[in-house]
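Enquirer: can you look at this prediction? I've put the sequence above it.
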2 protein chains.
Amino acid sequence: MQKSIFYHAGCPVCVSAEQEIISLIGLDKVEIVHLGEETQKVSEAETKNVKSVPALVTPSGNVLHINFGASIDDLKG
Amino acid sequence: MQKSIFYHAGCPVCVSAEQEIISLIGLDKVEIVHLGEETQKVSEAETKNVKSVPALVTPSGNVLHINFGASIDDLKG
């Protein structure tokens, strides 16, 4: 089964959402990407239409922007 | 197991998010509430700190506001 990808940047809003998403979906079904640490993946996230974090990209390619932590623009080196 | 509650208002953003949430979490684990049709539940949603729809209230009581469809204020009779 294809995994969802949860993009976040370590902010409190992100961490809270991450725990909820893992609890709801299951850790085996979601890949966690910390854009604050893996800055080389920011452009990958943009390609997937991630506009802000935290965001969940589903296996079907839709982006669910959850609450609001930080704009993707603020994460660019 | 306690269910999550997905509040929406029938907007295109809501319907799209609803399908994703059901697909991710499973229809048996989430109760769907259409605040446009069940207006008596708007105040219940407010009590749970829902500020906009679509939103998912998790079993632990946290609110995940997903994308942005409509402000809860716009749904009041």
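Expert: Perfect, thanks for sending it.
Enquirer: any idea how far the top helix by length along chain A is from the chain center?
Expert: Ordering each helix of chain A by length in residues (DSSP state H) puts helix A:12-25 first. In terms of C-alpha atoms, centre = their mean, to the nearest Å, the gap separating the centre of helix A:12-25 from the centre of its chain is 10 Å.
Enquirer: next secondary structure element downstream of that helix?
Expert: strand A:30-34 (DSSP states H and E).
Enquirer: ok, residues contacting that following strand?
Expert: Strand A:30-34 is contacted by residues A:3-10, A:18, A:21-22, A:41, A:45, A:56 when judged by C-beta atoms under 8 Å, 6 or more residues apart in numbering or on different chains. In this view, the C-beta of every residue, glycine as well, is placed from N, C-alpha and C.
Enquirer: other SSEs contacting the longest helix of chain A?
Expert: If you count contacts as 3 or more C-beta pairs under 8 Å, 6 or more residues apart in numbering or on different chains; DSSP states H and E, helix A:12-25 packs onto strand A:4-8, strand A:30-34, strand A:52-57, strand A:63-71, helix B:12-25, strand B:63-71.
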